[in-house]
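Asker: Curious how this folds, go ahead:
(one chain, ligands or ions: 1)
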Amino acid sequence: MEKEKYDFSGALKGFAEHYEDGNSPVWDIGRPKQPFIEIANQVVEPILDAGCGTGDTSIFFASRGLKVIGIDFVENAILRAKSKVKGHNLPVEFLVKDAVTLDEWDIKFNTVIDSGLLHAIYDREKYSNGLKHILNSAGRLYVFYFKDDPSSPGGGISDNELKGIFADGWKIESIKSVSEDNDEWKMNFAVILRKS
Ligand SMILES: C[S@@+](CC[C@H](N)C(=O)[O-])C[C@H]1O[C@@H](n2cnc3c(N)ncnc32)[C@H](O)[C@@H]1O
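Answerer: Residues are numbered from 1 along each chain as shown. So this is what the prediction gives:
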């Protein structure tokens with residue numbers, strides 16, 4: 001059956017509304033999502049937290065002494081993230097940046113954290129090409145995303161679609177079904193290796 005087409009072209013405006021003054025996005029739970037806590041010991045710096053929101057996952061890794069850059073295309077999200085670390089002297093930097101432009105960046109990383117971004121990306125091919133560009137060989141992408149389910153906004157991402165997005169230059173090491181903290185959404189957690 002043809003999947004419902006979800007229109008992410010207005011993504012920036014839609015996400016920005018979630019971060020307007022007084023709004024608290026439903027995903028903003030004050031700490032990383034559980035799968036990222038579980039893999040914390042495996043993560044190698046420098047880390048990119050793509051679509052970092054208000055920065056809790058970035059701050060979690062930076063508090064463990066790891067160098068992190070968090071990016072989000074919503075300025076208000078980045079302002080909130082910056083205010084959380086002000087005066088704490090952590091190895092973390094927050095930037096307003098569209099994750100679909102990573103192919104234009106010169107910085108290299110050993111880890112990319114994607115906590116809830118991939119399923120919302122309007123151009124997944126350009127995003128994965130950008131990831132390929134900024135991730136060092138043998139680096140890993142850890143991605144937490146809506147699985148292929150009728151309850152998922154946009155229909156989520158099937159295993160086959162994931163394999164299509166991360167085909168050449170990647171090895172999908174694992175895809176695991178995980179429950180989200182509020183149990184409302186059906187989520188997957190994948191570990192994807194950047195091959196040489
Ligand atoms: C579901 S939220 C997750 C936020 C955070 N990672 C977390 O786990 O709480 C997705 C985030 O990705 C950001 N985002 C969506 N598309 C983006 C893009 N193309 N470039 C950068 N950030 C983007 C949104 O602004 C939002 O903050």
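Asker: Beta-bridge partners for the residue lying closest to residue 171 once chain neighbours are set aside, please?
Answerer: Nearest non-adjacent residue to residue 171, counting by C-beta to C-beta, 6 or more residues apart in numbering: residue 193, 4.4 Å away. For the C-beta atoms, the positions are set from N, CA and C on the backbone; glycine is no exception. Beta-bridge partners recorded for residue 193 (DSSP bridges): residue 140, residue 171.
Asker: Give the full set of residues in contact with residue 193.
Answerer: Neighbouring residues of residue 193 by C-beta atoms under 8 Å, 6 or more residues apart in numbering: 138-140, 170-173.
Asker: ok, these vs residue 36, which is closest?
Answerer: residue 140 (12.3 Å; C-beta to C-beta).
Asker: Tell me if I'm right that that closest one and residue 194 touch.
Answerer: Yes - shown here, residue 140 and residue 194 form a contact pair, counting by C-beta atoms under 8 Å, at 7.0 Å.
Asker: For residue 14, give me the pLDDT.
Answerer: Residue 14 carries a pLDDT value of 89.
Asker: Likewise for residue 72?
Answerer: Residue 72 is given a pLDDT of 97.
Asker: Who are the packing partners of the helix or strand of the chain with the lowest mean pLDDT?
Answerer: Lowest by mean pLDDT, DSSP states H and E among the helices and strands of the chain is helix 11-18, with a mean of 91. When contacts are defined as 3 or more C-beta pairs under 8 Å, 6 or more residues apart in numbering; DSSP states H and E, helix 11-18 packs onto helix 75-85.
Asker: Just the buried ones out of the contacts of residue 193, please.
Answerer: With burial judged by 16 or more other C-beta atoms under 10 Å, the buried subset of these is 139-140, 170, 172.
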